[in-house]
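Trainee: Fold the following for me, if possible:
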Amino acid sequence: MKKTIQAVAMSRILHIDYYWRCESFKKGIPPKLAEALEETAEDRIKEKMGEGYLSGELIDYVNMDIPGRRTPMDGWECHGWWNLKKENEPTPKLNTVNVIEFRGGEFDIQSLTSYQDDKEGNALAEERFKELISENHKVPKADIETALENGYFEEGEWKVIITHSH
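Mentor: Next up is the predicted model:
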């Protein structure tokens, strides 16, 4: 009896989106620093994808000289987020905006609140973000608005971020 085995070529395109935010650079991240962050993002994403994650936070402290800027003792602190999407994969119907509170370390999540990513949900998320900051710290309203614009607030080992998941 003769057996025929058919081989089927399979491929899938993966889209990985990531972004970085460095509070020290309000008008854009310098190219030299952006290159270092790109390498960090790719290494971290490979690591976390190997563990089965499809999205996650990015954090890096880069020690490098930037012309015209004094390098902080711990390096340039940058935060970001990454997300993996497979081509032809259905887009989830529930896009969310998330408010995440950390205490005592990068991965010590105290609270995670998600809202629908629409006008009402964004307003509720912004309200929760501001509420967490003001109930835990005496912070001027202008500083809270700046934190909202930047997407995070940090004081010591306590941090609150607001981010979108798609």
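
Trainee: How about residues contacting the longest helix anywhere in the chain?
Mentor: The longest helix of the chain (DSSP state H) is helix 31-50. Helix 31-50 is contacted from outside by 16, 18, 20, 22, 25, 29, 56, 58, 60, 62, 64, 66, 76, 78, 80, 82, 84, using C-beta atoms under 8 Å, 6 or more residues apart in numbering. For glycine as for every other residue, the C-beta is placed from the backbone atoms N, C-alpha and C.

Trainee: Then stretch 134-146?
Mentor: By C-beta under 8 Å, 6+ apart, stretch 134-146 touches 130, 133, 147, 153, 155, 158.

Trainee: which residue packs closest to the third one, ignoring adjacent ones?
Mentor: Computed as C-beta to C-beta, 6 or more residues apart in numbering, the closest residue to Ala147 that is not its neighbour in sequence is Phe153, at 3.7 Å.

Trainee: The one you found is in contact with Glu131, isn't it?
Mentor: No - here Phe153 lies out of contact with Glu131, judged by C-beta atoms under 8 Å, at a distance of 11.7 Å.

Trainee: Give me the more crowded residue out of the two.
Mentor: Phe153 (23 against 13; other C-beta atoms under 10 Å).

Trainee: what's the helix or strand for the more buried one?
Mentor: strand 152-155 (DSSP states H and E).

Trainee: Good, we can wrap up now.
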